[in-house]
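Chemist: Sequence isn't available, so here's the structure alone:
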């Protein structure tokens, strides 16, 4: 069996493409041995040695380099592994190793797979699951290689099944699966990756014979205690549960008039004796809104469901909060829950799977977006008030915090469908380890580890990655308004696709203005933030330009900080987005022949899809707003309005009259 | 086995619900015997006799009544059957029989089922197929009852499989199915209903081993000749083929640079020696249009594909033309092909299946629409220029013309999902027999035959039926513009649902105006009609109001013949449509207890769905156009615009300033 390595391409054993075959029973010592052999192959004139020492933080490591000798010290076996991978990275990129000392910024650095037991993947754009096939759990060469790739960037935990736990997945915590779960946990553990499972909140009824799933019911409590005891008996190194409850049709404590804290704590108490963690998603909102209801604002929902519960969660509960208040749009403000939940363990959830960002047909390097979230000041504390501080544990004891990414992996040969999308997996791990790394540094590392020695290739790849997020934002929904995509599958433009639907995602464009007023004069969402954020977001004049249409309803003639009118900004960004994309594609064409032909062809096929879809976005957004506003493009570019008589044109290029 | 009768409820044998059980080998003489027994049971004091006579037209009949004696003369066995059913209808409705002489207006009075071999029905809203189950062809009690219901209203032909012939349905003309096809043809034939099949135009390749499906290729010609010979050997009373070619992805002669006439004639010549007919659908258009292409107009497509072929089709070819140029919208002009194809056999195709007219959740009695089509003057001839004259054979010898309805039947207990929808099946047959019958007469007949003696019930049912089409039109897409429904499944409102899609169905609404200019100044569609129609449709001032937005692009402030502005007309019809629906529902509530409870409950359940969906239509259409135009409702009713500042209000109730 062989599959393409997506980074560390040079880090393979002679005769083996990247990793030796999986053998049941491997442990972390075997992994260290194996990686040391690979490391030595990269620089045979160096002498490498490894050692575990209690003087370092548990996951930390130190590289001591001198005179052709590299000592790799780790606070644990995992620390040693991370040190080996650091040395490997340095050798591939620079052909040498320098001394360094590192420890991770976040305790939990986790992937969330939305893989279903039947082998499909919810929001998967890279083929089928490699964890599940036709209801069977798989542990094979790919599993081991997956664990290795995770470890190479410091990822230390994974949830292998979809948060929407249905059908056979409900049985993962039963004897039908537990022997195989143990084998999987051991395989992943051999690279320091701890296994978690999503559980069905209603399992007490579906499996336990209880009449209810009420978290205060004695039978339910007893069921989960017994279930947890049994899991840990079968899988001693089990991590814990991730739960989506009371969300988009999933069962939860609300059914029984209980709070989210009641539900989470009940499960957490079953796990606590075993050191297990209970991760509880905050993605709770009304997904049956009537579009005619203009009072309800989905952006407010998560805060409103949780803020009053702050301090009521057990120590081994972690609330997992999506980066924004809605749902992984290309641009959202940071969730105000990071301001509100000061006495609660929090994890940040980001989405590497490009559900709303081009579904791995479009290149969209997400590290810049995630960095914006991590460095966001919540003003909830005097010091260390950034999201990265909060999820790094600056204000909470016990290390129950961290960051999770909904993954973009599948069984495609290149793992992520798009070759470039692997940079998001790589970058997620690197950023979770060290949020100070710049997007550019991460891009350069990944490009070098993936595409090898040629400086021109690396430069082009880095250029593509760094420009991609801004370009994608340019040609899709403008100024933070989000959505405007096709319902259900979320690919391609559809301005009114969600406008009259039940999902609470409205732009409410009229011939005069567009957007939802989320200020204190509107739905009040802006007031969920700490000051001075609440004040800043309350006023269009002080709201960051890129979020203007998230927070405000504005006329098309509103003049932005850039000096352009809102409508002219829409036209300009949409025309420019496509042009910039063309330039990127042309840049990649210059390195044809310097990238392996298979990869090059695959990249170009995806670029062709991206370009056609970007034009479709440009034309549909521009046409929609041109027809709606009756205002023509100041630069008279092609927009598919119907007749010129319908339009008035601004006098100036910035759209002003 | 039992199933509800949907009309002729009283016409059952004692102890038998409607019809005796199907026994293979029954013939039309058996049916005449059976129906005579039923007839006699309705009026035991009358003496009924039957006779075939050569002095009457083949399908015609005469009832001679005198002194308690009813002589039923028919031009054939079929004519006798039709006479018996006439007598039955009279007895149930009036308790007596009067003398009459009848013969059908159209030679072919046909149903088109879009049933698939797997048992599903394309655009079916009444359950699954009763002809197919899991790839098997079914002949049972229901088949016989179906044939009886058809015969009772004069329907004399049926096509049992979907025009999109795929998978196992391709094999219907092979020995895998032919023995069962024969049994089915005999069963249907026992009530005078001739069986036709849809064939896969590419069968020469899929079944015949030919390299092509080129209609001029010798192998292809030989394949079809052999296939037709074989079919008629197995099924001597077989009717012929219905073909959808070069349409929505179906194969056809265009692939080989041949004309539609080449394709149709090739198949027709295979059938001709056996007296078979070849029915060829004209539903040909480009279903991959770019919405940015404003030159192409789907309304023009069918005329443009066929007009130059007039006179080139063989005598046993019939072109089947949809009533309008697009696709079964609630309001379309009559297809200009009825003006153009003066030397070609034509059939009219209407749709009883309520694909775009509420999918049998909404009551929508379609007889008024069909009557509008039938009485439409084409101006193609000096005399007898109505569509009904053309499809009745006024200008073509040989009787190869008629009318077909895409059916609304399935295996639901009440056959048509909605109890009221059966009136469209019933009415189609009656109208095909005699287009002079009024919509009201047909409604009264059906209500009396279905709901029995109570005059109040009949009056309410007739009221509901007669108002339903206008009400449905009121609250859906306005003034003939069509579409504005959800893509794919075509239920419920979605104003922009097709606006940026590939189907050629655009409204192109802007803040100033709405509609596509199909006049000579626009796409030129209006010029496909004969004069004076071409001139009439070319000018908004002379275009019938209900079709204004089919033919013209008009500003919201355009004043209609009614004196209202276009935008005020939209608001008024949408508010009024819902109110009128409420009144209908209230009328039905007054007869609760007078309709069997099961039917009443079913009717009320559907009304609840219809009312909710009608409100959704009202609110989405009104909101869309209010936001778009910036013009408020003169009567200040509730529209979900966003802010009052966006709106200007007219001074007068008719919307004028």
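Modeler: Alright, I've got the coordinates. Nothing here was measured: the structure is a model prediction, and the numbers come from that model.

Chemist: show me the residues around residue A:110 that make contact.
Modeler: Shown in contact with residue A:110 (CB atoms under 8 Å, 6 or more residues apart in numbering or on different chains): A:155, A:156, A:157, A:158, A:159, A:196, A:347, A:402, A:403, A:404, A:405. C-betas here are computed from N, CA, C, even on glycine.

Chemist: Looking at those residues, which are in strands?
Modeler: Mapping the contacts of residue A:110 onto strands (DSSP state E) picks out A:157, A:158, A:159, A:196, A:347, A:402, A:403, A:404, A:405.

Chemist: can you pull out the helices in the stretch 1-150 of chain A?
Modeler: A:28-42, A:77-94, A:141-152 (DSSP state H, counting those that start in this stretch).

Chemist: Sorry, slip of the keys, the one I care about is the stretch 151-300 of chain A.
Modeler: Under DSSP H, counting those that start in this stretch, the stretch 151-300 of chain A gives helices at A:178-189, A:203-206, A:218-234, A:260-271, A:298-306.

Chemist: Could you find the closest non-adjacent residue to residue A:138?
Modeler: Closest residue to residue A:138 apart from its sequence neighbours, by CB to CB, 6 or more residues apart in numbering or on different chains: residue A:131 at 6.0 Å.

Chemist: tally of neighbours for that neighbour?
Modeler: Using other CB atoms under 10 Å in any protein chain shown, residue A:131 has 24 neighbouring residues.

Chemist: who in the stretch 251-400 of chain A is up against chain B?
Modeler: Contacts of the stretch 251-400 of chain A with chain B, taken as CB under 8 Å from any CB of the partner chain, map to A:291, A:292, A:294.

Chemist: and of these, the nearest to residue B:397?
Modeler: residue A:291 (58.2 Å; CB to CB).

Chemist: State the pLDDT value of the closest one.
Modeler: At residue A:291, the model reports a pLDDT of 97.

Chemist: Equivalent analysis for residue A:286, please.
Modeler: The model's pLDDT for residue A:286 equals 88.

Chemist: How about residue A:17?
Modeler: The predicted local confidence for residue A:17 is 52.

Chemist: Also the one 3 residues further on?
Modeler: Looking at residue A:20, its pLDDT is 64.

Chemist: rewinding a little: which of the residues of the stretch 251-400 of chain A next to chain B has the most neighbours?
Modeler: Neighbour counts for those (other CB under 10 Å) peak at residue A:291, which has 20 neighbours.

Chemist: That one contacts residue A:499, doesn't it?
Modeler: Yes - if you go by CB atoms under 8 Å, residue A:291 and residue A:499 touch, sitting 6.9 Å apart.

Chemist: Overlap in contacts, the two.
Modeler: Joint contacts of residue A:291 and residue A:499 (CB under 8 Å, 6+ apart) are residue A:506.

Chemist: List the buried residues of stretch A:42-49.
Modeler: A:42, A:43, A:46, A:48 (16 or more other CB atoms under 10 Å in any protein chain shown).

Chemist: Over to stretch A:379-397?
Modeler: Of the residues in stretch A:379-397, A:380-381, A:385-393, A:395-396 count as buried by neighbour count, 16+ other CB under 10 Å.

Chemist: cool, stretch A:132-143 as well?
Modeler: Buried, per 16+ other CB under 10 Å, within stretch A:132-143: A:132, A:137, A:138, A:139, A:141, A:142, A:143.

Chemist: Looking at the contacts of residue A:110, spot the one nearest chain B.
Modeler: residue A:405 (32.8 Å; CB to the nearest CB).

Chemist: which sections of chain A are below the confidence cut-off?
Modeler: Filtered on pLDDT under 70, chain A yields the residue ranges A:1-5, A:13-20.

Chemist: Between the residues of the stretch 251-400 of chain A next to chain B, which sits nearest chain B?
Modeler: Proximity of those to chain B, judged by CB to the nearest CB, is greatest for residue A:292, which lies at 5.0 Å.

Chemist: my guess is that closest one meets residue B:639, correct?
Modeler: No - counting by CB under 8 Å, residue B:639 is not a contact partner of residue A:292; they are 9.9 Å apart.

Chemist: joint contacts of those two?
Modeler: In contact with both residue A:292 and residue B:639: B:619, B:623, using CB under 8 Å, 6+ apart.

Chemist: Give me the distance between stretch A:358-377 and the centre of its chain.
Modeler: 8 Å (CA atoms, centre = their mean, to the nearest Å).

Chemist: what's the span of it from first residue to last?
Modeler: Stretch A:358-377 has an end-to-end distance of 29 Å (criterion: CA to CA, to the nearest Å).

Chemist: List the buried residues for it?
Modeler: A:358-374, A:376-377.

Chemist: and what of stretch A:352-359?
Modeler: A:352, A:353, A:354, A:355, A:356, A:357, A:358, A:359.

Chemist: hang on, the fourth one in a helix?
Modeler: No - note on residue A:355: no helix contains this position according to DSSP: H, G, I helix; E, B strand; the rest coil, which reports coil.

Chemist: thinking again about what came up before, list just the nearest of the buried residues of stretch A:42-49 to chain B.
Modeler: Closest approach between the buried residues of stretch A:42-49 and chain B, by CB to the nearest CB: residue A:42, at 52.7 Å.

Chemist: Quick one: residues contacting that closest one.
Modeler: A:10, A:11, A:88, A:91, A:92.

Chemist: just the residues you listed that are near chain B?
Modeler: Applying CB under 8 Å from any CB to these, none is adjacent to chain B.

Chemist: show me what contacts the closest residue to residue A:517 other than its chain neighbours?
Modeler: Nearest residue to residue A:517 in three dimensions, chain neighbours excluded: residue A:553, at 4.5 Å (CB to CB, 6+ apart). Taking CB under 8 Å, 6+ apart, we find residue A:553 in contact with A:508, A:513, A:514, A:515, A:516, A:517, A:522, B:642, B:643.
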